[in-house]
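Engineer: Prediction below, plus the sequence it came from.
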Amino acid sequence: MEKAKVSMAKMGQGFIAAAALVLATLVACSAETPEAQLRHRVGGMQVAVEEKRVGDFMDGVSDDFTGPAGMDRVAMHNLVRARTFANARVGTTTGPLDVRVDGDNATVSFQVLLTGSTGRFLPEQAQTYDVTTAWRREQGEWRIYHARWNAPR
């Protein structure tokens, strides 16, 4: 009986230690710098495109998104969906991110190489773009509200 009490006490201490560790991890995540949060968000959106999770990509896009030639959020969704599903494999390789934060607004600029293939070993399509994106915090999350891109000459 005495052993059971000791084991229960140790389990209780273990639970408290585990709960404290989880809490510390959550606090550390929320203490992440805005720049780190943006880098994480861009990386997550990149992976979402490669894994054809269009909805997850669009979670990072603001409802009032604008892009080139009057593109809105619906047009962006359709573009991403069409490009990801037209290819068996999609690749995105970004160059270094230039992140500039100003309070709850930010700009992230980078080059990206987009590739697509029908499933063969080498991609059949490839194009590099210069991309500039404008971000803002919406309900505690960074979301892109404007983007422009062009193929360098």
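Structural biologist: Cool, the structure landed. Residues are numbered from 1 along each chain as shown.

Engineer: Please count neighbours and contacts with C-alpha atoms only from this point.
Structural biologist: Noted.

Engineer: pLDDT below threshold where in this structure?
Structural biologist: 1-31, 119-124, 153 (pLDDT under 70).

Engineer: where do the helices sit along it?
Structural biologist: 2-30, 34-50, 54-58, 73-85 (DSSP state H).

Engineer: If you count neighbours, what's buried in the last one?
Structural biologist: Looking back up the chat, that one is helix 73-85. R73, M76, V80, R81, T84 (16 or more other C-alpha atoms under 10 Å).

Engineer: And for the second one?
Structural biologist: Of the residues in helix 34-50, those with enough neighbours to count as buried (16+ other C-alpha under 10 Å) are P34, Q37, L38, R39, R41, V42, M45, Q46, V47, A48, V49, E50.

Engineer: I'd like to know which elements it is packed against.
Structural biologist: Identification of packing neighbours for helix 34-50 by 3 or more C-alpha pairs under 8 Å, 6 or more residues apart in numbering; DSSP states H and E yields helix 54-58, helix 73-85, strand 89-94, strand 98-102, strand 141-150.

Engineer: Strand partners (parallel or antiparallel) of the fourth one?
Structural biologist: Each strand pairing with strand 98-102, determined using DSSP bridges, is listed with its direction: strand 105-117 (antiparallel).

Engineer: what is W135 paired to in the beta sheet?
Structural biologist: A106, I144.

Engineer: Check which residues of stretch 129-142 are buried.
Structural biologist: Neighbour counts over stretch 129-142 (16+ other C-alpha under 10 Å) mark Y129, D130, V131, T132, T133, A134, W135, R136, R137, W142 as buried.

Engineer: okay if I get the buried residues of helix 73-85 as CSV plus distance to D56?
Structural biologist: Shown next, in CSV, are these (distance: C-alpha to C-alpha, whole Å):
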residue, distance to D56
R73, 14
M76, 13
V80, 11
R81, 11
T84, 13
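
Engineer: Taking the residues you listed together, which two end up most distant?
Structural biologist: Maximum pairwise distance in the buried residues of helix 73-85, criterion C-alpha to C-alpha, is 16.4 Å, between R73 and T84.
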